[in-house]
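K.L.:
Pasted the sequence and its predicted model underneath.
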Amino acid sequence: MSCSATLDLSNDIYSKTTVLEAKNRFSQYLQLNLSPKDRNLVTAEFIVPTKYEKDAREIILECLNYMVDRSAQLLLEKEDS
(Lines give C-alpha, C1' and ligand atoms only; values in the text may rest on other atoms or scores of the structure.)
Protein backbone atom coordinates (compact mmCIF):
# COMPACT_ATOMS: atom_id res chain seq x y z
CA MET A 1 0.00 0.00 0.00
CA SER A 2 1.29 3.46 -0.85
CA CYS A 3 1.52 6.45 1.47
CA SER A 4 -0.13 9.74 0.54
CA ALA A 5 -0.62 13.30 1.72
CA THR A 6 -2.83 16.05 0.33
CA LEU A 7 -2.06 19.76 0.66
CA ASP A 8 -3.41 22.99 -0.78
CA LEU A 9 -0.66 25.03 -2.42
CA SER A 10 -0.95 28.76 -3.00
CA ASN A 11 0.20 30.08 -6.36
CA ASP A 12 1.47 33.14 -4.46
CA ILE A 13 4.12 30.96 -2.82
CA TYR A 14 4.60 28.03 -5.17
CA SER A 15 4.87 29.11 -8.79
CA LYS A 16 3.13 26.90 -11.31
CA THR A 17 6.41 26.41 -13.15
CA THR A 18 8.23 25.08 -10.11
CA VAL A 19 5.38 22.78 -9.09
CA LEU A 20 5.51 21.20 -12.54
CA GLU A 21 9.32 21.01 -12.36
CA ALA A 22 9.06 19.24 -8.99
CA LYS A 23 6.46 16.84 -10.37
CA ASN A 24 8.92 15.89 -13.08
CA ARG A 25 12.05 15.88 -10.91
CA PHE A 26 10.54 13.74 -8.14
CA SER A 27 8.59 11.37 -10.41
CA GLN A 28 10.83 8.43 -9.49
CA TYR A 29 9.93 8.78 -5.81
CA LEU A 30 6.36 10.02 -5.83
CA GLN A 31 3.33 10.66 -7.95
CA LEU A 32 2.12 14.25 -7.71
CA ASN A 33 -1.49 14.79 -8.72
CA LEU A 34 -2.59 18.40 -9.13
CA SER A 35 -6.08 19.83 -9.37
CA PRO A 36 -7.27 23.44 -9.24
CA LYS A 37 -9.18 24.32 -6.08
CA ASP A 38 -9.78 28.07 -6.02
CA ARG A 39 -8.63 31.03 -8.03
CA ASN A 40 -5.16 30.97 -6.50
CA LEU A 41 -4.97 27.47 -4.98
CA VAL A 42 -4.14 24.04 -6.29
CA THR A 43 -4.67 20.79 -4.41
CA ALA A 44 -1.56 18.61 -4.51
CA GLU A 45 -1.75 14.92 -3.69
CA PHE A 46 1.63 13.34 -3.00
CA ILE A 47 1.57 9.55 -3.42
CA VAL A 48 4.72 7.69 -2.39
CA PRO A 49 5.05 4.08 -3.63
CA THR A 50 5.25 1.27 -1.10
CA LYS A 51 8.95 0.66 -1.72
CA TYR A 52 9.72 4.18 -0.39
CA GLU A 53 7.02 4.20 2.31
CA LYS A 54 9.47 4.37 5.23
CA ASP A 55 10.95 7.54 3.71
CA ALA A 56 7.61 9.04 2.62
CA ARG A 57 7.72 12.00 5.01
CA GLU A 58 11.24 12.96 3.95
CA ILE A 59 10.44 12.58 0.24
CA ILE A 60 7.35 14.78 0.47
CA LEU A 61 9.19 17.41 2.51
CA GLU A 62 12.10 17.42 0.06
CA CYS A 63 9.68 17.93 -2.80
CA LEU A 64 7.98 20.84 -0.99
CA ASN A 65 11.37 22.34 -0.10
CA TYR A 66 12.42 22.10 -3.75
CA MET A 67 9.25 23.90 -4.83
CA VAL A 68 9.56 26.78 -2.36
CA ASP A 69 13.31 27.19 -2.91
CA ARG A 70 12.97 27.19 -6.70
CA SER A 71 10.00 29.59 -6.51
CA ALA A 72 12.08 32.01 -4.43
CA GLN A 73 14.98 31.68 -6.86
CA LEU A 74 12.76 32.53 -9.84
CA LEU A 75 11.26 35.49 -7.98
CA LEU A 76 14.73 36.87 -7.17
CA GLU A 77 15.87 36.40 -10.76
CA LYS A 78 12.76 38.25 -11.96
CA GLU A 79 13.49 41.17 -9.60
CA ASP A 80 17.11 41.37 -10.83
CA SER A 81 16.11 41.78 -14.46
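P.N.:
Looks like it came in fine.

K.L.:
where does the protein have low pLDDT?
P.N.:
Applying pLDDT under 70 to the chain picks out residues 1.

K.L.:
how about the strands in it?
P.N.:
For the chain, applying DSSP state E gives strands covering 3-10, 31-38, 41-48.

K.L.:
and the first one, what does it pack onto?
P.N.:
Contact analysis of strand 3-10 by 3 or more CB pairs under 8 Å, 6 or more residues apart in numbering; DSSP states H and E lists strand 41-48, helix 56-80 as its packing neighbours. C-betas here are computed from N, CA, C, even on glycine.

K.L.:
Let me know which of those is the nearest to residue 22.
P.N.:
Nearest of the helices and strands packed on strand 3-10 to residue 22, taken as CB to CB: helix 56-80 at 4.8 Å.

K.L.:
Report the distance from the closest one to the chain centre.
P.N.:
8 Å (CA atoms, centre = their mean, to the nearest Å).

K.L.:
which residues are contacting stretch 52-69?
P.N.:
Contact with stretch 52-69 is made by 1-3, 5, 7, 9, 13-14, 18-19, 21-22, 25-26, 29-30, 32, 46, 48, as judged by CB atoms under 8 Å, 6 or more residues apart in numbering.

K.L.:
Now it: buried residues?
P.N.:
The neighbour-count check on stretch 52-69 (16 or more other CB atoms under 10 Å) flags 56, 59-60, 62-64, 66-67 as buried.

K.L.:
do the same with stretch 66-81
P.N.:
Residues 66-67, 70-71 are the ones in stretch 66-81 that count as buried (16+ other CB under 10 Å).

K.L.:
gap between it and the chain center?
P.N.:
Taking mean C-alpha positions (CA atoms, centre = their mean), stretch 66-81 and its chain are 15 Å apart.
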